[in-house]
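In: Here you go, sequence then predicted model.
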Amino acid sequence: SKHVIKNIPWTAAKNFTVEKGQQQIEELISTWDIHESWLHHSEFLEEEELKDSKRYHYRACWGLPTRRKPIPRATASVYFVIVISKLKPDTAPVEVFYRLESSRLIRRPEQCEFREKWLQDIIENKTVCAERL
């Protein structure tokens, strides 16, 4: 059976605000199949003006706090970009892309299911590097 990729209905460009973008990113993250022990916070980073679009950059920073180590030794960031086209009608939904901090691969939420393993791999790699130092 074909696996259904969870996505959310993204707001129309004309209704977009920085706060709405952050709320929608949180809404998207809530659809991801990630164990509850992972905690994250998200933040708005910057607005970028391009010839044919405006881009809004956000980051969600993930960690695995435990009772023994409430401050995780390493974190993993996921970077989001919400794009508002200047060429499409303002009733069109915003476009959303994300990438992992360790990767140049840009993903679209409607085309690719998020995997918890990606966060684990980033943290594992950082931990291994730190132990080598």
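Out: That came through, no problem.

In: for this structure, what spans make up the helices?
Out: Taking DSSP state H as the test, the helices found in the chain are 18-31, 116-132.

In: and these, which is most packed in?
Out: Across those, the average number of neighbours (mean count of other CB atoms under 10 Å) peaks for helix 18-31, which reaches a mean of 16. C-beta coordinates here come from the backbone N, C-alpha and C atoms, glycine included.

In: and for it, what are the contacting residues?
Out: With contact meaning CB atoms under 8 Å, 6 or more residues apart in numbering, helix 18-31 is reached by 6-8, 10-11, 40, 42-44, 47, 56, 58, 60, 80, 82, 94, 96, 109.

In: Just the buried residues from those, in ChimeraX please.
Out: Selection of buried members from those for ChimeraX, criterion 16 or more other CB atoms under 10 Å:
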select :8,10,11,40,42,44,56,58,60,80,82,94,96,109
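
In: Not counting sequence-adjacent ones, nearest residue to Tyr58?
Out: Nearest residue to Tyr58, sequence neighbours excluded (CB to CB, 6 or more residues apart in numbering): Phe80, at 4.3 Å.

In: give me the low-pLDDT residue ranges for this protein?
Out: By pLDDT under 70, the weakly predicted segments of the chain are 1-3.
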